[in-house]
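**Q** sequence first, then the predicted structure:
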Amino acid sequence: MATKTSSMSTLATQICEHIASVFYKPTHPYPPPLDLMVTELVTTASQNGRVFLYGVGREGLMLKALCMRLAHLGLSAHFVLDVTTPPITAADLLVASAGPGGFATVDAICSLARSNGARVLLLTARPEEGTCMKHANAVCYVAAQTMADDEDVGGEESRRRLLPMGSLYEGAMFVLFEMVVYRLGEALGESPEAVRSRHTNLE
């Protein structure tokens, strides 16, 4: 039992350290992702704008988690394609993710948001080659490995990555979003009690 516990804690530590290493990497010429996201969200909130979020697959799941916390912080937050999502307007912000640089659906939704006057904040690990870049007003560079650069180059080590495919990028998204929620709560003056009061009671 002790060996299994030690192995589990070792794996957990290695995964957390791997995710943490993403935030030591320089992002120049792009601004630090935490500062950028907090600034964009505070600006949108100050203008009574709404926040729309979209991503595909596991990236989308990370953004859904952020959407929930933004609602708890008192923002009008909506995940794109939910049946209650309102129309986007010029006062609003779309937060979209395309880790590998581009997805057809993300491209299309970012383009629609821009055509309706909204601001687009794009999260990506490949800003230099992404098709979504042309729609972004601001780029949040998360310098993590995605499925696009996780190809097997031979050998057992390369086949058995600790965080396979896009997991490092998605894990970094989760950690980044927790930092954003913490800083945003301070910036908006939201007490823990106020945040908790907005959690659903239909459970």
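**A** Received, thanks.
**Q** CA only for contacts and neighbour counts going forward, please
**A** OK.
**Q** what is the burial count for the spatially closest residue to residue 110 that is not a sequence neighbour?
**A** For residue 110, ignoring the flanking residues on the chain, the nearest one in space by Cα to Cα, 6 or more residues apart in numbering is residue 135 at 5.9 Å. For residue 135, the count of nearby residues is 22 (other Cα atoms under 10 Å).
**Q** tell me, what's the model's pLDDT at residue 135?
**A** pLDDT, the model's per-residue confidence, is 95 for residue 135.
**Q** that one: what's it in contact with?
**A** Applying Cα atoms under 8 Å, 6 or more residues apart in numbering, we find residue 135 in contact with 107, 110-111, 114, 120.
**Q** spatially, which residue comes closest to the spatially most central residue of the chain, not counting chain neighbours?
**A** Among the residues of the chain, residue 173 comes closest to the average C-alpha position under Cα atoms, centre = their mean, at 4.4 Å. Nearest in space to residue 173, with sequence neighbours left out and distances taken as Cα to Cα, 6+ apart, is residue 62 at 6.6 Å.
**Q** can you give me the helices for the protein?
**A** Taking DSSP state H to define them, one finds helices in the chain at 2-22, 33-46, 57-72, 104-115, 156-159, 167-188, 192-197.
**Q** of all those, which one comes closest to residue 91?
**A** Each of the helices of the chain was scored for nearness to residue 91 using Cα to Cα, and the closest is helix 33-46 (7.3 Å).
**Q** state the distance from residue 66 to residue 15.
**A** As judged by Cα to Cα, to the nearest Å, residue 66 and residue 15 stand 21 Å apart.
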